[in-house]
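Asker: Okay, sequence plus prediction incoming.
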Amino acid sequence: MFLAAAIALMVAMMLAILRAFMGPTLYDRILAVNLFGTKTVLFIAVLGYLMGRPEFLDIALVYALINFITVIGVLRFFEYKRTVDDSKEEA
């Protein structure tokens, strides 16, 4: 059953990468990368269970934190860039 879950997670990760490359807007692409990171965390946890290595959960938690901070940072960067570009157009 966990093997089926791992395969389903791999399919969802591939679909997320496809969406990241084909997304019509920047925010769709960022959301797809965030989805890929979330599915990666789940995949690491399932893989750790299948291999009998509970320390993989620690790795999954660290990866989740890195994913969250990175997505927030990228969104802030593009928000700041957009406000700077808008202020240049007004001047």
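Answerer: Cool, the structure landed.

Asker: ok, which stretches of the chain are helices?
Answerer: With DSSP state H as the criterion, the chain has helices at 2-22, 26-51, 56-90.

Asker: Return the set of buried residues in the second one.
Answerer: It stands for helix 26-51. Judged by neighbour count (16 or more other C-beta atoms under 10 Å), helix 26-51 contains these buried residues: 29-48. C-beta here means a position set from N, CA and C on the backbone, and glycine is covered the same way.

Asker: Now do stretch 65-75: everything it contacts.
Answerer: For stretch 65-75, the surrounding residues in contact (C-beta atoms under 8 Å, 6 or more residues apart in numbering) are 30, 33-34, 37-38, 40-41.

Asker: And stretch 43-50, by the same measure?
Answerer: 2-3, 5-6, 9-10, 13, 54-57, 59-60, 63.

Asker: let's see it at 6 Å
Answerer: Identification of contacts with stretch 43-50 by C-beta atoms under 6 Å, 6 or more residues apart in numbering yields 2, 5-6, 9, 56-57, 59-60.

Asker: which among the residues you listed end up buried?
Answerer: Listed as buried from the contacts of stretch 43-50 are 9, 56, 60; burial here means 16+ other C-beta under 10 Å.

Asker: Output these in CSV; the columns should cover pLDDT and distance to residue 80.
Answerer: Compiled in CSV, those are given as follows (pLDDT from 0 to 100; distance: C-beta to C-beta, whole Å):
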residue, pLDDT, distance to residue 80
9, 94, 34
56, 94, 36
60, 95, 30
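
Asker: what's around the residue lying closest to residue 28 once chain neighbours are set aside, how many residues?
Answerer: In this structure, residue 28 finds its nearest non-sequential neighbour in residue 19, 6.9 Å apart by C-beta to C-beta, 6 or more residues apart in numbering. Residues lying near residue 19 (other C-beta atoms under 10 Å) number 17.

Asker: Residue 19 contacts residue 33, doesn't it?
Answerer: No: applying C-beta atoms under 6 Å, one finds residue 19 not in contact with residue 33, separated by 9.2 Å.

Asker: what's the pLDDT at the residue lying closest to residue 38 once chain neighbours are set aside?
Answerer: Closest residue in space to residue 38, ignoring its immediate chain neighbours: residue 67 at 7.0 Å, by C-beta to C-beta, 6+ apart. What the model reports as pLDDT for residue 67 is 95.
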